[in-house]
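**Q** For reference, the sequence and a predicted model appear below.
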Amino acid sequence: SQQGEEDPQALSIQEGENATMNCSYKTSINNLQWYRQNSGRGLVHLILIRSNEREKHSGRLRVTLDTSKKSSSLLITASRAADTASYFCATGWLTTASKLTFGTGTRLQVTL
Amino acid sequence: DTEVTQTPKHLVMGMTNKKSLKCEQHMGHRAMYWYKQKAKKPPELMFVYSYEKLSINESVPSRFSPECPNSSLLNLHLHALQPEDSALYLCASSQTGLAGGADTQYFGPGTRLTVL
């Protein structure tokens, strides 16, 4: 399977703490994206990092990509209760048109 | 307008019914997607339309039949479904459907389908 594996599967933290989730994949990619999904709803795009990039920031989000280890991490700083959601990495493969393959996801719970 | 709309929000159908899910976007995107998502699992790609032509079919059973009448609309026709087809069906669109998944995908809120 080309699906990415994410860990941890679930993460519970308090508001104000940082949350880190990791994604590993199996074969060479063109880019990697992170999406958020609130319970039972559609996914929202967070950030895209290309295979020639190592780090990218967007607000409280920091994404790193290590193509040699075939892994990526998403860091959410100063978390808020509103960050409670499932987070998925999604990989775009070099030889496959228009296709994103989603990782297994991390369920983040941020408590007050 | 950066919204993808899906109707209906909820659908309950019997195994002998025929129903359709609808998806619409007005962002001028030329690629549209259907995903199936089971509880606590990631979305699984079903179909991709690029410039109104079916470009990817992930070996989906024929009881699911996609249709793209124009660049803004995407339908999923359902017939003789099984209870295991119960899931959240998500529609998404992206600007061009570039190779290698280089597009950002915009998702609708989904249709929660229950097959009795």
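**A** Thanks, I have the structure now.

**Q** ok, the residue in chain A that chain B sits nearest to - contacts?
**A** With CB to the nearest CB as the measure, the residue in chain A that lies nearest chain B is A:G92; the distance is 2.2 Å. Every residue, glycine included, has its C-beta placed from N, CA and C. With contact taken as CB atoms under 8 Å, 6 or more residues apart in numbering or on different chains, A:G92 is in contact with A:29-33, A:99-100, B:100-102.

**Q** Is there proximity between stretch B:9-29 and chain A?
**A** No. No part of stretch B:9-29 sits near chain A under the criterion CB under 8 Å from any CB of the partner chain; the closest distance found is 10.4 Å.

**Q** err, stretch B:87-107, not the other one
**A** Yes. Using CB under 8 Å from any CB, stretch B:87-107 reaches chain A at B:88, B:90, B:92, B:94, B:97-107.

**Q** ok, so of those residues, who is nearest chain A?
**A** Proximity of the residues of stretch B:87-107 next to chain A to chain A was ranked by CB to the nearest CB; the top entry is B:G101 with 2.2 Å.

**Q** So which residues of chain A form strands?
**A** With DSSP state E applied, chain A shows strands at A:5-7, A:10-14, A:19-24, A:29-37, A:43-50, A:55-58, A:61-66, A:71-76, A:85-93, A:100-102, A:106-111, listed in chain order.

**Q** now do chain B
**A** B:4-7, B:10-13, B:18-25, B:31-37, B:44-50, B:53-57, B:64-70, B:73-79, B:87-94, B:106-107, B:111-115.
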